[in-house]
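**Q** Here's my sequence, what's the structure:
(chains A and B)
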Amino acid sequence: MEIEIIRIIFLTVVLFSIGILGVLTRRNIIVMIMSVEIMLNSVNLLFIAFSRYFQDLNGEVMVLFVMAIAAAEAAVGLAIVIALHRNYHSIDIMDIKALKE
Amino acid sequence: MNIPEILFYSFTFILVGSAFGVVFHRNPVKSAMFLVLFFVGLAAMYALLGAEFMATLQVLVYVGAIMVLFLFVIMLITVRDEALLNMSSNAGRTVIITVLVLAFSLQFWVLLGGFMKAKGEHVVNGAAPYSTEVMNYTTGEKLLITGNAEVISYALFEKYLLPFELISLVLLVAVLGGILLTKHKRETLQ
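**A** Next comes the predicted model:
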């Protein structure tokens, strides 16, 4: 049951980069929030890997807190999406430019 | 190649593939389905690393709660397929992203040079359990606990009690914020 930590670090970096790519290139707000979830989860994986590597459970407790914050973030973010859709009838970020005008 | 390595590469393949599916699929419903696959694959990876409690929580919280929330919102609002941004049409942005990715890769490569040389030394052992010594407050005797969930719950309710309660407050505020943001304004008010 032994896995080299360098591979896990590479995996988390790749996943985090894919999440950043999603936030930068997509225009649908829901998919952007999903990409943020991917980024949070890749950091969780890194927390757990180092927690197992150092045999220190503080990292796993931190993952619990990150999960709770991610749930709160998803709830508020999706509520904002619904409010935006009610006012603009669109969830495309290109259509939301009220502060520009 | 032993069995944990084969499992690790399978889960890596699933994770990277489903993450690309989330980011590049044009239909948000299918993106959400890929995200479910991503979360389940991540739970499998946690179990492989020896964090069974976190794997359970990952499935319960993310697949059970957060994804249902996402799918409900997708159901509530009309979603149409999105034309993906054409990267070549925006030369400046493409150059900026490419340079940033190259700089980040270079920095990462330099940073991990030490790790790369010592191959086979820095390993995560998924089978080694945590252990902690706790005091039974009624009898006063000390006992050693080793289970994953037990050790984490002792840490959570002794060392991290205040952050734990604050997290519940954060969740309450998030619930109230969600209700407030999605509530219709009544027109009867003058």
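
**Q** Now the element after the worst-scoring helix or strand of chain B on mean pLDDT, going C-ward?
**A** Sorting the helices and strands of chain B by mean pLDDT, DSSP states H and E puts helix B:113-117 at the bottom, at a mean of 62. Remark: after helix B:113-117, the chain's next helix or strand is strand B:123-125, criterion DSSP states H and E.

**Q** What mean pLDDT does that following strand get?
**A** Confidence over strand B:123-125, taken as the mean pLDDT, stands at 75.

**Q** hmm, who's touching that strand?
**A** Contact with strand B:123-125 is made by A:1-5, A:8, A:49, A:52-53, B:49-50, as judged by Cβ atoms under 8 Å, 6 or more residues apart in numbering or on different chains. C-beta coordinates here come from the backbone N, C-alpha and C atoms, glycine included.

**Q** starting at the chain centroid, how far to that strand?
**A** Here strand B:123-125 is found 20 Å from its chain centre; the criterion is Cα atoms, centre = their mean, to the nearest Å.

**Q** which parts of it are buried?
**A** Judged by neighbour count using 16 or more other Cβ atoms under 10 Å in any protein chain shown, the buried positions of strand B:123-125 are residue B:124.

**Q** Equivalent analysis for stretch B:171-178, please.
**A** When neighbours are counted by 16+ other Cβ under 10 Å, the buried residues of stretch B:171-178 are found to be B:174, B:178.

**Q** Run the contact check for that stretch versus chain A.
**A** Yes: looking at stretch B:171-178 against chain A by Cβ under 8 Å from any Cβ of the partner chain, the contacts come from B:171, B:173-175, B:177-178.

**Q** Stretch B:15-30 too?
**A** Yes: counting by Cβ under 8 Å from any Cβ, chain A is contacted by stretch B:15-30 at B:15-16, B:19-20, B:22-23, B:28.

**Q** Contacts for that stretch next, please.
**A** The list of residues contacting stretch B:15-30 from outside it, by Cβ under 8 Å, 6+ apart, reads A:11, A:14-15, A:18-19, A:21-22, A:25-26, A:28, A:30-31, A:34-35, A:38, B:31, B:34-35, B:37-38, B:41-42, B:45, B:71, B:74, B:79, B:81-84.
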